[in-house]
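S.K.: Provide a 3D model corresponding to the input given below.
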Amino acid sequence: MGLFEKGKEKENEKKGSFVGFVLLSDTNADMKKLSEDLGESLGIDVPYEKSEKEGTEALVADHKGCHMMFGFMPMPVPNGEAEYYAECNYMWKNGVDVVKKHKAQIIVGITGNGDVIETGKIFVKAVLSALRQENAIAFYSDGAVHEPNFYREAAKALDKDDLPILNWIWFGVYSDEKQRGIYTFGMKNFGKDEMEIYADGAADINEIRIFAADIVYYILSGDVTLRDGETIGMSAEQKLPITRSKGIALDGETLKIKYSK
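M.R.: Residues are numbered from 1 along each chain as shown. I've put the predicted structure just below:
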């Protein structure tokens, strides 16, 4: 595929709610181990009782005012959805081939207590626990499918008491004959607008991506709300206009910033 990505994801309007899917290579899940791993990573007691219904199991727990649910489904993500978004991951060359092998999934869902940053951190730790399953091969959430080691490396930001931006936000790529850019997906979980940051076709896409990540960090770390008609920049001299209009690579309206140095 080219630089254009399939970015027509549905918007998530539920601020402080996170959901994702740990993809498994076979139809087995050790939910007792997951219970123990959650206890280790979050320091909480997650009760485990073997389900009487063959093939499905679930765990529920509350932590710091957040409600968490972990459900095992002995079937792949339907309609080829996971494979579709794996194709969008330009950082995982054989991701589609790996994802095609998944036979089951563990659904990870969390509803927050009002502190969306804290909820997001708990979600990442919960996902890391589920990725300890021996047959875990990928994690799917918010319009992207991640390779497990990438997710683990990105989560090391938590060890430094920093924000795990790359676990929370997908920075997708889009391009046509006139322009190229980066779109965000996942900002809606934090009650923020998705963004599309673009430049003329000759621009360095990696440079735009770094700029987009810096803007996302600025927004989430300071609980900043960008508005149509304002300007933004990473220096006193850089003043880039912010506009709101119909999405280029995403459905609905997005905030747009035309990037220049």
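S.K.: helix or strand right after the helix ranked longest in the chain?
M.R.: In the chain, with assignment by DSSP state H, the single longest helix is helix 205-222. Next helix or strand after helix 205-222 toward the C-terminus (DSSP states H and E): strand 231-232.
S.K.: now for that following strand, which elements pack on it?
M.R.: Packing partners of strand 231-232 (3 or more Cβ pairs under 8 Å, 6 or more residues apart in numbering; DSSP states H and E): strand 240-246. The way it works is simple: take the backbone N, C-alpha and C, and place the C-beta from them, glycine included.
S.K.: can you list the residues that contact the strand it packs on?
M.R.: With Cβ atoms under 8 Å, 6 or more residues apart in numbering as the contact definition, strand 240-246 has outside contacts at 193, 226-233, 252-260.
S.K.: rewinding a little: what separates the longest helix of the chain from the chain centre, distance-wise?
M.R.: Computed by Cα atoms, centre = their mean, to the nearest Å, the separation of helix 205-222 from the middle of its chain amounts to 15 Å.
S.K.: what does stretch 84-100 give?
M.R.: The answer for stretch 84-100 is 15 Å, by Cα atoms, centre = their mean.
S.K.: List the buried residues of that stretch.
M.R.: The neighbour-count check on stretch 84-100 (16 or more other Cβ atoms under 10 Å) flags Tyr85, Ala86, Glu87, Cys88, Asn89, Trp92, Gly95, Val96, Val98, Val99 as buried.
S.K.: Which residue, neighbours along the chain excluded, lies closest to the third one?
M.R.: Leaving aside its sequence neighbours, Glu87 sits nearest to Val96 (Cβ to Cβ, 6 or more residues apart in numbering; 5.3 Å).
S.K.: Could you list the residues in contact with the host helix or strand of the one you found?
M.R.: Val96 is located in helix 95-99, with elements delineated by DSSP H and E. Contacting residues not belonging to helix 95-99 are listed as Leu23, Ala82, Glu83, Ala86, Glu87, Asn89, Trp92, Ile137, Ala138, Tyr140, Val145, Glu147 [Cβ under 8 Å, 6+ apart].
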